[in-house]
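[1] Structure for the following, please:
(one chain, ligands or ions: 1)
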Amino acid sequence: CQGGEPPVGGKPISSNLFGLFFEDINYAADGGLYAELVQNRSFEYAPAMQKGWHPFTCWDFLRAGYSIGYLNVGTSEPIHPNNPTYAVLDIELVGAYPEIRGLSGVGIINSGFDGMPVNQGDQYFFSFFARLLSEEPVDFLIQLQDTKGKALTGGTLKVASGEWQKYELTLTPEVSCDSAALLVLAQSKGKVALDMVSLFPEKTFMGRRNGMRADLAQVLAELQPRFMRFPGGCLVHGDGISNIYDWKNTVGPVEHRKAQRNIWNYQQGYGLGYFEFFQFCEDIGAAAVPVLPAGVSCQNSGGTHVIGGAGQQAICMEDMDAYIQDVLDLIEWAKGPADSKWGSVRAAAGRVQPFNLEYIGIGNEEKITPEFEERFRMIQNAIRENYPEVKLIGTSGPFSDGDDFERGWEISRKLGIDIVDEHYYKGPDWMLANLHRYDSYDREGPKVYLGEYASWGNKILNAVAEAAYMIGLERNGDVVSMASYAPLLARKGNTQWTTDLIFFDNRNIVLTPNYYVQKMFMNNQGDYYYDGLVTFTTEDPLLSASTVYDSTTGDVIIKIANPGMNPSKARADLSGFKGIGSDAQCFILRGAPDAENTFDAPTNVHTVTVPVRLNNAAVLEYEVPAMSVTTIRIKKE
Ligand code: AHR
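    Take a look at the predicted model:
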């Protein structure tokens, strides 16, 4: 390591402390991080996903130029049994009176997620799967249109095969449009089945096909997270056994993936599936932390098969072997050789080299019932037996304390689980009253993963309280090995959880004050913690500071949170760190307690950088502003 041996007096702490938690809540996947522009591309929307939804939700039927034709739902001989519903266009007559912008024909039009944002000169990859159901081939016009129906770009395709085939076209808009729509118009007589109608920007994050929306992925990458937990949250165990997240439905060709309702009451199309999650983690330098259900559903499940205490459903014992095999198969899929059964599925998707898989989570804040315990024990035994090198993350239930919490921890201690996942959403006052929560945790038992936390708000006050709390996590980085804020992403107008790290619409991203705090902490992690090096002139128990050393770079990092309304002076004696420079940069987030960023004022709150200098005795003196968070990185010379 470049930094060399850490100076004496340091306590080793987790070098993977701060990372991300991704859950498909608030349209974080489809309509969010996943770059697909067509909504309901596979015609699988259904009332069971959301009241009022049907296979043509988000699609309009169009008969232009006095054409005669019909749109129906098809289900026989689909592309794949996992993708059972498709659209059937039946064109009886193509009209001779092209009254709307010169168009005649029968077709469908999709307006994406509140419109499709497209840019002049950029390329967009259009594709659909089609099967001819008539004798005569069918000609198609594919167009991107503005809100008035004016063509931005277009192209033609001919469907001539009676077998499902993929047809592709590249579209390049001549002008930009914030709210385009995609027209798929049959322009000759005939009958054709259509499915997987897709439009993808060429410019995804790192140019990946079937990849991530570039700007959103970029702000995640800029956090430099050490890990990413996915795919949830309560979405993992679902609100009933039939609704648990089955990773096998999310891999393989996208047209073979089995969409389902997610617990937040919309569709997860699984275009963003396990392959894409692992690849994205690698692309942003984060360890992949998949979480699988522990054989029981969410603590709030309803339904008729309730056997695990209040609102919990459990997989029947006779089905548990198959379920456990699914869990083991995931590990083989991720890290098994390309010629293993599941490694070959990964390899067929283009990834011959195994992915890195160091951690696996089993369970997400379930009610800790006997049914949970029995199934959790079976799953963990199987993982231990087959993959002893994989670190197991268990759960302490849905709360920060109480009976479930104690039982969850007790089970984990008994079974020797590596890490226990804790979740809590609390107000800033609670955070500030509990800065020392982990000081007294047992250093001999399992480590802690604070997998979900937030202080119910996106104002400066929340961000500063979270920073003070995170300083407590860093101080306890010998027992707290990972922590991730939640939830991560929220689409404007589709938000089920009001406090989130990043808000977005089709064009804009609003980074919250909480985001800036997470960025300061993720960008500046260390692996040794030094106690008592920062002192304050003001007596205020809420003033918090930490000093860490990053042995990969040799840099020293100080973090200070001041959740109060009085400024203070801080003094840091860094003379024990040899070889560090005397000039440093200070990153400061400050403001009125209720200051926030909004779509109208997205940069109201942000970090500013100011230079600071150590004196000849390697002492740093710094004026700590009221209601602020500061990070100072002193680089090795
Ligand atoms: O982050 C939102 C939800 O909060 C998660 O799905 C769940 O784990 C927690 O209750």
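[2] Count the neighbours of the closest residue to the ligand within the stretch 501-637 of the chain for me.
    Closest residue of the stretch 501-637 of the chain to the ligand, CB to the nearest ligand atom: residue 501 (10.6 Å). (Glycine included, C-beta is placed from N, CA and C.) A count of nearby residues for residue 501, using other CB atoms under 10 Å, gives 25.
[3] any idea how far it is from residue 513?
    10 Å (CB to CB, to the nearest Å).
[4] what is the rounded mean pLDDT of the helix or strand hosting residue 279?
    Residue 279 belongs to helix 274-283 when assigned by DSSP states H and E. Taken as a whole, helix 274-283 has a mean pLDDT of 98.
[5] Now it: buried residues?
    For helix 274-283, a neighbour-count test (16 or more other CB atoms under 10 Å) marks 274, 275, 276, 277, 278, 279, 280, 281, 283 as buried.
[6] Contacts only, for the residue of the stretch 501-637 of the chain closest to the ligand.
    Neighbouring residues of residue 501 by CB atoms under 8 Å, 6 or more residues apart in numbering: 485, 486, 487, 488, 489, 512, 514, 515, 518.
[7] what do you get for residue 373?
    Residue 373 makes contact with 407, 411, according to CB under 8 Å, 6+ apart.
[8] Just after the helix or strand hosting it, pick out the following helix or strand.
    For residue 373, the element it lies in under DSSP H and E is helix 370-386. The helix or strand immediately downstream of helix 370-386 is strand 391-395, counting by DSSP H and E.
[9] Name the strands paired with that following strand and say parallel or antiparallel.
    Strand 391-395 sits in its sheet next to strand 359-362 (parallel), strand 419-425 (parallel), going by DSSP bridges.
[10] Reformat these as JSON lines; add mean neighbour count and mean pLDDT.
    Putting the strands paired with strand 391-395 into JSON lines (neighbours: other CB atoms under 10 Å; pLDDT from 0 to 100) gives the following:
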{"stretch": "strand 359-362", "mean neighbour count": "23", "mean pLDDT": "98"}
{"stretch": "strand 419-425", "mean neighbour count": "22", "mean pLDDT": "98"}
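[11] tell me, which strand in the chain spans the most residues?
    As assigned by DSSP state E, the longest strand anywhere in the chain is strand 190-201.
[12] packing partners for that one?
    Packed against strand 190-201, as judged by 3 or more CB pairs under 8 Å, 6 or more residues apart in numbering; DSSP states H and E, are the following elements: strand 86-93, strand 105-110, strand 124-132, strand 138-145, strand 177-186.
[13] how far is it from where the chain is centred?
    With CA atoms, centre = their mean, to the nearest Å as the basis, strand 190-201 stands 28 Å off its chain's centre.
[14] pLDDT (mean, whole number) over it?
    The model assigns strand 190-201 a mean pLDDT of 98.
[15] just stretch 485-496 next, same as before
    Rounded mean pLDDT across stretch 485-496 is 97.
[16] Next, the distance between the ends of it.
    16 Å (CA to CA, to the nearest Å).
[17] Please apply the same query to stretch 161-170.
    Length of stretch 161-170, first residue to last, CA to CA: 21 Å.
[18] what does that stretch rub up against?
    The contact list for stretch 161-170 (CB under 8 Å, 6+ apart) reads 79, 123-133, 140, 142, 155, 157, 159, 193, 195-196, 202.
[19] ditto for stretch 388-404
    So stretch 388-404 is contacted by 289, 291, 294, 299, 331, 357-368, 376, 380, 383-384, 405, 407-409, 411-412, 415, 417-424, 426, 446, 449, 451 (CB under 8 Å, 6+ apart).
[20] elements contacting the longest helix along the chain?
    Using DSSP state H, we find that the single longest helix of the chain is helix 317-335. Using 3+ CB pairs under 8 Å, 6+ apart, the elements in contact with helix 317-335 are helix 274-283, strand 287-292, helix 343-348, strand 359-362, helix 370-386.
[21] ok, back up a step: list the contacts of the helix holding residue 279.
    22, 34, 205-206, 208, 210-212, 217, 221, 227-228, 230-231, 247, 250-251, 287-288, 290, 330, 333-334, 346, 349, 351, 355-356.
[22] Equivalent analysis for stretch 424-438, please.
    399-400, 448, 452-457, 461-462, 464-466, 468-469, 471-473, 475-476, 479-480, 486, 499, 542, 544, 563.
[23] Inside strands: which ones of those residues?
    Going by DSSP E, the strands hold 448, 452, 453, 454, 480, 544 from these.
[24] got the buried residues for the next helix or strand after the longest strand of the chain?
    Using DSSP H and E, the helix or strand that follows strand 190-201 in sequence is helix 214-221. Across helix 214-221, burial judged by 16+ other CB under 10 Å covers 216, 217, 219, 220, 221.
[25] Pull up the pairing partners for whichever helix or strand comes after helix 214-221, direction included.
    Once the chain leaves helix 214-221, the next helix or strand it forms, by DSSP H and E, is strand 227-230. Counting by DSSP bridges, the strands paired with strand 227-230 are strand 18-21 (parallel), strand 287-292 (parallel).
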